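1. pasting the sequence and the predicted model now:
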Amino acid sequence: MITLGDVADIVSGYNVARLSEADQDRKYSNADFEHDFYQMKLASPSNPIIYRQSMAEHNMSATIIADENQDKFISQVFSIMKVNTEKLNPWYLCYLLNESDIIARQCNVLLQGSVIARLSAHQLKQMQIPLPPVEEQERIGKLYATALYQYYLETTVSSKKLQGILSLLHGTESK
């Protein structure tokens with residue numbers, strides 16, 4: 001086990017309410033996160049990881065930021081992690097943050113008694129993560145990112161098929 005802060009620099013997002021009117025269009029949104037999450041396999045592993053802490057859903061998840069979203073302003077519900085890729089595979093870290101029972105237990109302990117369910121950058125840095133050899137991290141991380149991307153592709157195709165069938169059915173209603 002190693003402390004996350006030993007292999008990643010972590011900073012919290014900003015108060016985007018103070019952005020100028022011109023910069024409001026450049027806020028990183030939940031839709032941007034969803035896009036980046038399911039298409040994480042396509043992102044460069046050198047890009048930072050974004051960690052979303054949704055207070056409404058009590059849901060926390062991580063992904064690698066896509067190239068097109070790197071210059072956006074990050075709000076306070078997100079944290080940015082710049083990983084030392086020589087020691088820690090970013091896709092593996094996303095897998096741990098999203099799926100690991102070890103991480104979930106630590107989050108639950110850290111959030112006990114909190115009014116706002118949000119981990120600070122300092123708390124994230126203190127998280128203990130398992131650190132297998134880099135080759136195993138790469139295997140796990142690539143498998144995880146590929147599975148998410150395949151899920152995205154399959155649901156997108158299924159959704160388009162459904163929309164096609166519904167539009168055909170709506171066309172028959174007027175006959």
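-> Done, it's in.

2. what's the longest helix anywhere in the chain packed up against?
-> Once the chain is assigned using DSSP state H, the helix that runs over the most residues is helix 134-173. On a contact count with 3 or more C-beta pairs under 8 Å, 6 or more residues apart in numbering; DSSP states H and E, helix 134-173 meets helix 30-38, helix 90-99. Bear in mind the C-beta positions are built from the backbone N, C-alpha and C, glycine included.

3. pLDDT on the last one, on average?
-> In other words, helix 90-99. Average pLDDT, helix 90-99: 94.

4. buried stuff in it?
-> 90-98 (16 or more other C-beta atoms under 10 Å).

5. pick the one among the residues you listed closest to P133.
-> Y92 (10.8 Å; C-beta to C-beta).

6. list the contacts of the closest one.
-> By C-beta atoms under 8 Å, 6 or more residues apart in numbering, Y92 lies in contact with 137-138, 140-141, 144.

7. closest to G171 out of these?
-> Nearest member of the contacts of Y92 to G171, counting by C-beta to C-beta, is Y144, at 41.2 Å.

8. from E154, how far off is that closest one?
-> The gap separating Y144 from E154 is 16 Å, by C-beta to C-beta, to the nearest Å.

9. quick one, which of the two is more surrounded?
-> Y144 (19 against 10; other C-beta atoms under 10 Å).

10. where does S79 sit, in terms of helix or strand?
-> Using DSSP states H and E, S79 sits in strand 78-83.

11. and that strand, which strands flank it?
-> Strand pairing for strand 78-83, determined by DSSP bridges: strand 8-12 (antiparallel), strand 49-54 (antiparallel).

12. quick check: neighbours of the helix or strand just after the longest one in the sheet, parallel or antiparallel?
-> Using DSSP H and E, the next helix or strand after strand 49-54 towards the C-terminus is strand 59-64. Each strand paired with strand 59-64, and its direction, by DSSP bridges: strand 49-54 (antiparallel).

13. re the thing from before, of all the strands paired with strand 78-83, which one is nearest L148?
-> strand 49-54 (14.0 Å).

14. what sits up against the closest one?
-> Here strand 49-54 has contacts from 8, 28, 30, 33, 36, 59-65, 74, 77-83, 90, 93-94, 97, 117-119, 124, using C-beta under 8 Å, 6+ apart.
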